[in-house]
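A.B. asks: Quick one: sequence and predicted model below, then my questions.
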Amino acid sequence: MTPHLHIGNRNYSSWSLRPWLCLRWAGIAFDEKLIELDQPGYGAEGITAVRAVSPSGKVPALRVGATTIWDSLAIAEWAAEGGTPGALLPVDRERRAVIRAACAEMHSGFPALRRDLPMNIRRRCVATDLPEDTWRDIERVERLWSALRAANATDGPWLFGARSMADAFYLPVATRFRTYAVALSKAAQAYCETAFADAAFRDWETRVLAEPVVRFSRAPIDSLYETRD
């Protein structure tokens, strides 16, 4: 039985990208169902098409037979349990716990970064006059990435050396830093380049760039800051 992953607009929906990457990296075949988010009910869990497939009124939502999994972290854990062993979570118990801590921090935290630097893969601009709480979020991501890379540098180029579930949760943040020209440390920038070179992410990005350019009308995502030439 093929799972069905319901996602939002590829250019904007960071929460859709996270479990999509996890499923791809875990080697799980799935069908992708795209729901346009720029329609009545956006921002209030009121989009009719989303409510039809997700009890929370949000995407992503994974349908597996008669079961619906409606949260990105839960979908990622489902993929880790049922996909290629070790593809998302390692065997070592302590390392798994730290990966989960990193994912949980991203899942529940960084509200100012989300508010002021929304995902917009297609766009390039320069963020200006960011408030203090946004810079605190950016600096926390920088510290986390730098610490994990320093601790795992000999094991590979990803946050925990080998690619893991944590990378799926932070890859959308890397795209935000690229979109808004946020200056990063050498270690953090190198990590971003590793993420951008991933074959699954390149597939997602290629699809974004192939889509017609239509401005999102229900949020100022496409008009924040001044576009770079």
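C.D. replies: Yes, it's here.
A.B. asks: buried ones in stretch 208-223?
C.D. replies: By 16 or more other C-beta atoms under 10 Å, the buried positions in stretch 208-223 come out as 208, 216, 221-222. All C-beta atoms are positioned from the backbone trio N, CA, C, and that covers glycine.
A.B. asks: meant to ask about stretch 40-60, not that
C.D. replies: 42, 47, 50, 53-54, 57-60.
A.B. asks: Tell me the one of the residues you listed nearest residue 91?
C.D. replies: residue 60 (27.1 Å; C-beta to C-beta).
A.B. asks: Now that we have the buried residues of stretch 208-223, can you turn them into JSON lines and tack on pLDDT and distance to residue 154?
C.D. replies: Written out in JSON lines, the entries for the buried residues of stretch 208-223 read as follows (pLDDT from 0 to 100; distance: C-beta to C-beta, whole Å):
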{"residue": "208", "pLDDT": "98", "distance to residue 154": "34"}
{"residue": "216", "pLDDT": "97", "distance to residue 154": "42"}
{"residue": "221", "pLDDT": "97", "distance to residue 154": "39"}
{"residue": "222", "pLDDT": "97", "distance to residue 154": "42"}
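A.B. asks: Which of those residues fall within helices?
C.D. replies: The helices, defined by DSSP state H, take in residue 208 from the buried residues of stretch 208-223.
A.B. asks: What is the nearest of the buried residues of stretch 208-223 to residue 99?
C.D. replies: Here the nearest of the buried residues of stretch 208-223 to residue 99, counting by C-beta to C-beta, is residue 208; it sits at 26.8 Å.
A.B. asks: The closest one contacts residue 7, correct?
C.D. replies: No: using C-beta atoms under 8 Å, residue 208 is not in contact with residue 7, being 12.0 Å away.
A.B. asks: Would you mind listing where this structure has pLDDT under the threshold?
C.D. replies: 229 (pLDDT under 70).
A.B. asks: got the domain boundaries for it?
C.D. replies: Listed domain ranges for the chain are 4-82, 93-210 (source: automatic domain parsing).
A.B. asks: Just the buried residues of stretch 40-60: which are in helices?
C.D. replies: residue 50.
A.B. asks: any chance of the buried residues of stretch 40-60 in TSV, plus distance to residue 71?
C.D. replies: Listed next are the buried residues of stretch 40-60 as TSV, based on distance: C-beta to C-beta, whole Å:
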residue	distance to residue 71
42	19
47	17
50	14
53	13
54	9
57	12
58	8
59	10
60	8
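A.B. asks: How about the contacts made by residue 89?
C.D. replies: 80, 96, 99-100, 164-165 (C-beta atoms under 8 Å, 6 or more residues apart in numbering).
A.B. asks: If we use 10 Å, what do you get?
C.D. replies: Residue 89 sits next to 26, 76-77, 79-81, 83, 95-97, 99-100, 103, 160, 164-166 when contact means C-beta atoms under 10 Å, 6 or more residues apart in numbering.
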